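Chemist: sequence isn't available, so here's the structure alone:
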């Protein structure tokens, strides 16, 4: 099993450009998440999807859109990139174990917006 | 609002020098408290889930404990390969997951 995979690994954008970050998981998990991680701050939830066909906003959704394409894939789109969106983006999927959702993370996408 | 605070921000230990990392939290209706390890340039790797006060879990040199207000990650006789950032997270009754900023651990040989 590959677990959670993310593409691309690294991307440089100019302000105003758009791009889509891809995420796929092969663990048959229902829930999937997108986080951003900035220096000195914890992981912050952008959007999540509790099941195929549903998405919900997290703590920092502004400037992002998501699509839960099927059970395996969950993409994050930046319509008009801004320098404030320079960050490392992590996708995760989760399984419910013992009453809590245990999350498994991908390797991350490093995004630089100039 | 759920909050997670980790201390210290950074910790430098000599190989074999045991210590503890702290995670203080406030949450409405704790469903689980999680510990993750994150190596530079990689995604967080799951270590433990704790569900209720008094619970303890161990894995190799790591032991996680939980009270109603905080969790500790005890590291016994650490080795250089234990160097990483350790993240704490809580999931509350509203299912939101909240992460702390992490403790960066360096173990010198």
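Modeler: Noted; the coordinates are in hand. None of the values given here were measured: they were computed from a predicted structure.

Chemist: near chain B, which residues of chain A? Just list them.
Modeler: A:4, A:33, A:35, A:40-45, A:58-59, A:90, A:92, A:97-108 (Cβ under 8 Å from any Cβ of the partner chain). In short, each C-beta sits where N, CA and C put it, glycine included.

Chemist: show the buried residues in those residues.
Modeler: Neighbour-count burial (16 or more other Cβ atoms under 10 Å in any protein chain shown) applied to those gives A:4, A:33, A:35, A:42-45, A:58-59, A:90, A:92, A:100-108.

Chemist: do you know how far the residue in chain A that chain B sits nearest to is from residue B:97?
Modeler: Nearest to chain B in chain A, going by Cβ to the nearest Cβ, is residue A:100, at a distance of 2.7 Å. Relative to residue B:97, residue A:100 is positioned 9 Å away (Cβ to Cβ, to the nearest Å).

Chemist: go on, residue B:29?
Modeler: Separation of residue B:29 from residue B:97 (Cβ to Cβ): 13 Å.

Chemist: neighbour count: those two, which is higher?
Modeler: residue B:97 (26 against 10; other Cβ atoms under 10 Å in any protein chain shown).

Chemist: quick one, what contacts that one?
Modeler: Neighbouring residues of residue B:97 by Cβ atoms under 8 Å, 6 or more residues apart in numbering or on different chains: A:33, A:45, A:101, A:103, B:89-91.

Chemist: quick check: the two most widely separated of the residues you listed?
Modeler: Maximum pairwise distance among the contacts of residue B:97 (Cβ to Cβ): 15.0 Å, between A:33 and B:90.

Chemist: shaky segments in chain A?
Modeler: Filtered on pLDDT under 70, chain A yields the residue ranges A:1, A:98-99.

Chemist: where do the strands sit along it?
Modeler: For chain A, strands defined by DSSP state E occupy the ranges A:4-7, A:10-13, A:19-25, A:31-37, A:44-49, A:56-57, A:64-68, A:74-78, A:87-97, A:100-105, A:109-113.

Chemist: who does the fifth one pair up with?
Modeler: Translated: strand A:44-49. Strand A:44-49 has the following strand partners under DSSP bridges: strand A:31-37 (antiparallel), strand A:56-57 (antiparallel).

Chemist: ok, residues contacting the longest one?
Modeler: What it means is strand A:31-37. A:21, A:23, A:25, A:43-51, A:58, A:60, A:64, A:66, A:68, A:74, A:76, A:85, A:87-94, A:101, A:103, A:108, B:97, B:99.

Chemist: same check on the last one?
Modeler: With Cβ under 8 Å, 6+ apart as the contact definition, strand A:56-57 has outside contacts at A:47-50.

Chemist: can you pick the most crowded of those?
Modeler: Going by other Cβ under 10 Å, residue A:48 tops the contacts of strand A:56-57 with 25 neighbours.
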